[in-house]
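S.K.: heads up, no residue letters with this:
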Ligand code: ATP
Ligand code: MG
Ligand code: MG
């Protein structure tokens, strides 16, 4: 072999998902390994479902993942050549125009145990076939009235080889070729020929195309293509608690279950980007799961592991209070603010330190106080002392309640000797909690996620994916972040002490508003 040339061939009928990322990594990295090339080719042979919006989104996603194609191609660029090769097939007696309806054709195709029946059109003369095919192209027939079929073997044990359809009639507008064509090639015909035209050496596709490989080889041989690419199949990626097909994902978008293809709960590349996943994490995940010949389902927690690994040393570690409770430190001088030092990443000294304000009023997490705690609760309760991260020890003196009996404020005292970094060691406390200084705190929304779709295993296999939508997939909290984060912009990533990794939402932030998407919590019950 002279050169390894691969291609990534998406149909522009939706946005790419994490399953596509596996195929992208495989194709691009395979070529890279052998100093070859990879084309991005849009498999745009089905005009009804395709759109330029998708063409653009797909390019953006491939680039964002960190790959650069050698050439950008469209199967529709080859329509004329594909047509001419079909004429060649007819002339060789290898293709014919068939008048059966789709139902009749299905019926006559036979089964695994029964051979198919021949179509009456199968014995048409070459002249008649050439004439009919030209008239199909000229628009003389309605959708579905006729098709062009390969003349192979109606008795083949491989049903794919029983005179498959090569062209169908569709009077619809194509996003690139407009109304130039009203016949469109089928995937099984367009794909091998497109590969051959581009000089692809390795045509990598998913396992369900294994049965189509003889047809792939047949088309290339019978159409007398100069180059002979080969098809190789690998297992598609499936992940727990999600659906992974553009058709289903589009349904979620169209029915308003999510707020678009890039909703942070979606397994799309754009959704994962908005959620805060990095290209590095996605690529590492794809590499780790490897390439297999049998289908399996990968645990979603596996993916989460890779984003934690990627952000661990990169993300600024700061404090955010998601469900705030006001604390007044009664013995701290009124009107005074001091600046405390905090390391930006305890595991990566190079990230330096920052200064955070501290004063008489702070916010803590509502969950970090309990009036009547169970044993082993080491956070705040009346009379208990805890450490405020980067600051002082405080002791809860009193819980102030509203008329409904709900705790709305805590009154605490602090011990100035316990300042963080002072070396204080006279007594120890068991709990450390985070906080944000109240007067300078920056309000923010925090979006917390659970899986969008629940697995059949937990929900019953009789339920469609739309019936398995998790009602708790999104929860929004309104709280505060440290003042130094007021200028954070879309895509900035942080580790919030105890809460996990978050990314600034690029759509819902700006103009004085900050919204954070939780990418992943700090720990999972499962870390491979
Ligand atoms: P979908 O059903 O999501 O539309 P598809 O296979 O029809 O998937 P294409 O746009 O044709 O989508 O896919 C482009 C490439 O990505 C193909 O080579 C396909 O095999 C591969 N691919 C699609 N889904 C997966 C997956 N889940 N895992 C691995 N590769 C995939
Ligand atoms: Mg496809
Ligand atoms: Mg598809």
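M.R.: Received it, and whenever you're ready, just let me know what you need. The shown structure was predicted, so the numbers you read here are calculated from the model rather than taken from an experiment. Ligands and ions are numbered 1, 2, ... in the order given.
S.K.: for residue 24, helix, strand, or coil?
M.R.: Here residue 24 is helix, with the state taken from DSSP: H, G, I helix; E, B strand; the rest coil.
S.K.: Look up the closest residue to it, ignoring the ones flanking it.
M.R.: Of all residues not flanking residue 24 in the chain, residue 8 sits nearest, at 5.2 Å (C-beta to C-beta, 6 or more residues apart in numbering). For the C-beta atoms, the positions are set from N, CA and C on the backbone; glycine is no exception.
S.K.: just checking, the one you found touches residue 27?
M.R.: Yes: Residue 8 is in contact with residue 27 according to C-beta atoms under 8 Å; the separation is 4.8 Å.
S.K.: Need the residues touching each of these two.
M.R.: residue 38 (C-beta atoms under 8 Å, 6 or more residues apart in numbering).
S.K.: interface residues of the protein facing ligand 1?
M.R.: 9-11, 19-20, 22-23, 43, 205-206, 236-237, 244-247 (C-beta under 6 Å from any ligand atom).
S.K.: Can you flag the buried ones in the residues you listed?
M.R.: For those, a burial check counting by 16 or more other C-beta atoms under 10 Å picks out 9-11, 19-20, 22-23, 43, 205, 236-237, 244, 246.
S.K.: Please identify which two of those are farthest apart in space.
M.R.: 43 and 237 (18.8 Å; C-beta to C-beta).
S.K.: Please enumerate residues in contact with the helix or strand residue 399 falls within?
M.R.: Assigned by DSSP states H and E, residue 399 belongs to strand 393-401. Strand 393-401 is contacted by residues 327, 329-330, 369, 371, 380-388, 407-415, 418, 429 when judged by C-beta under 8 Å, 6+ apart.
S.K.: can you do 7 Å?
M.R.: With C-beta atoms under 7 Å, 6 or more residues apart in numbering as the contact definition, strand 393-401 has outside contacts at 329, 371, 380-388, 407-415, 418, 429.
S.K.: ok, now stretch 340-352?
M.R.: Applying C-beta under 7 Å, 6+ apart, the set of residues contacting stretch 340-352 is 312-313, 316-317, 353-356, 358, 390-391, 420-421.
S.K.: Can you list the buried residues in that stretch?
M.R.: For stretch 340-352, the neighbour count (16+ other C-beta under 10 Å) marks 340, 342, 344, 345, 351 as buried.
S.K.: and stretch 505-512, how far apart are its ends?
M.R.: 13 Å (C-alpha to C-alpha, to the nearest Å).
S.K.: re earlier: which positions within the following helix or strand past the strand holding residue 399 qualify as buried?
M.R.: Once the chain leaves strand 393-401, the next helix or strand it forms, by DSSP H and E, is strand 407-415. For strand 407-415, a neighbour-count test (16+ other C-beta under 10 Å) marks 410, 412, 413, 414 as buried.
S.K.: Strand 407-415 pairs with which strands?
M.R.: strand 324-329 (parallel), strand 393-401 (antiparallel) (DSSP bridges).
S.K.: Show me what residue of the protein gets nearest to ligand 1.
M.R.: residue 19 (2.2 Å; C-beta to the nearest ligand atom).
S.K.: so who does that residue touch?
M.R.: Counted by C-beta under 7 Å, 6+ apart, residue 19 has contacts 236, 237, 244.
S.K.: Out of the residues you listed, list just those in helices.
M.R.: Within the contacts of residue 19, no residue falls in helices by DSSP state H.
S.K.: Lowest-confidence entry in those?
M.R.: Lowest in pLDDT among these is residue 244, which has 88.
S.K.: Quick check: closest non-adjacent residue to it.
M.R.: In space, residue 244 is closest to residue 19, 4.7 Å off (C-beta to C-beta, 6+ apart).
S.K.: quick one: that neighbour is in a strand?
M.R.: No: under the criterion used here (three-state DSSP), residue 19 is helix, not part of a strand.
S.K.: Phi first, then psi, for residue 437.
M.R.: phi -60, psi 130 (degrees, to the nearest 10).
S.K.: on that earlier part again, can you lay out the strands paired with strand 407-415 as a markdown table showing mean pLDDT and mean neighbour count?
M.R.: Listed next are those as a markdown table, based on pLDDT from 0 to 100; neighbours: other C-beta atoms under 10 Å:
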| stretch | mean pLDDT | mean neighbour count |
| --- | --- | --- |
| strand 324-329 | 98 | 20 |
| strand 393-401 | 98 | 17 |
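S.K.: out of those, which comes closest to residue 263?
M.R.: Taking the strands paired with strand 407-415 one by one with C-beta to C-beta, strand 324-329 is closest: 26.5 Å.
S.K.: Please enumerate residues in contact with that closest one?
M.R.: 360-364, 366, 369, 394, 409-414, 438, 479-480.
S.K.: same thing with stretch 360-376?
M.R.: Contacts with stretch 360-376, where a contact means C-beta under 7 Å, 6+ apart, come from 321-329, 332, 334, 377, 379-382, 399, 407, 410, 433-439, 441, 480.
S.K.: again with stretch 500-515
M.R.: With contacts defined as C-beta under 7 Å, 6+ apart, stretch 500-515 is touched by 274-276, 307-308, 311, 315, 442, 444-445, 447, 481, 488-496, 516-522.
S.K.: which among those end up buried?
M.R.: 274-276, 307-308, 311, 315, 442, 444-445, 447, 481, 488, 492-496, 516-520.
S.K.: Now, those that are in helices?
M.R.: 274, 275, 307, 308, 311.
S.K.: Please render the residues you listed as JSON lines that adds pLDDT and distance to residue 187 to the earlier fields.
M.R.: Listed next are these as JSON lines, based on pLDDT from 0 to 100; distance: C-beta to C-beta, whole Å:
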{"residue": "274", "pLDDT": "98", "distance to residue 187": "31"}
{"residue": "275", "pLDDT": "98", "distance to residue 187": "32"}
{"residue": "307", "pLDDT": "97", "distance to residue 187": "34"}
{"residue": "308", "pLDDT": "97", "distance to residue 187": "39"}
{"residue": "311", "pLDDT": "98", "distance to residue 187": "39"}
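S.K.: State the number of residues packed around residue 364.
M.R.: Using other C-beta atoms under 10 Å, the number of residues around residue 364 comes to 25.
S.K.: now swap in residue 310 and tell me
M.R.: By other C-beta under 10 Å, the residues close to residue 310 number 21.
S.K.: Look at the residue nearest to it when sequence neighbours are not counted and tell me its secondary structure.
M.R.: Take residue 310 and drop its neighbours on the chain: the residue closest to it by C-beta to C-beta, 6+ apart is residue 281, 4.2 Å away. Assigned state for residue 281: helix (three-state reduction, three-state DSSP).
S.K.: Isn't residue 281 up against residue 304?
M.R.: No: look at residue 281 against residue 304 with C-beta atoms under 7 Å: they stay out of range, at 9.1 Å.
S.K.: What helix or strand is residue 242 located in?
M.R.: Using DSSP H and E, residue 242 falls outside every helix and strand.
S.K.: all strands of the stretch 51-200 of the chain, in order?
M.R.: 72-74, 95-98, 147-150, 165-169, 183-185 (DSSP state E, counting those that start in this stretch).
S.K.: what distance separates the fourth one from the centre of its chain?
M.R.: Translated: strand 165-169. 33 Å (C-alpha atoms, centre = their mean, to the nearest Å).
S.K.: what pairs with that strand, and is each one parallel or antiparallel?
M.R.: Strand 165-169 is paired, per DSSP bridges, with strand 147-150 (antiparallel), strand 183-185 (antiparallel).
S.K.: got CSV for the buried residues of strand 407-415, with pLDDT too?
M.R.: Formatted as CSV, the buried residues of strand 407-415 follow (pLDDT from 0 to 100):
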residue, pLDDT
410, 98
412, 98
413, 98
414, 98
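S.K.: Just name the closest of those residues to residue 290, please.
M.R.: Closest to residue 290, out of all of the buried residues of strand 407-415 and judged by C-beta to C-beta, is residue 410, at 51.9 Å.
S.K.: That closest one and residue 228, how far apart?
M.R.: 76 Å (C-beta to C-beta, to the nearest Å).
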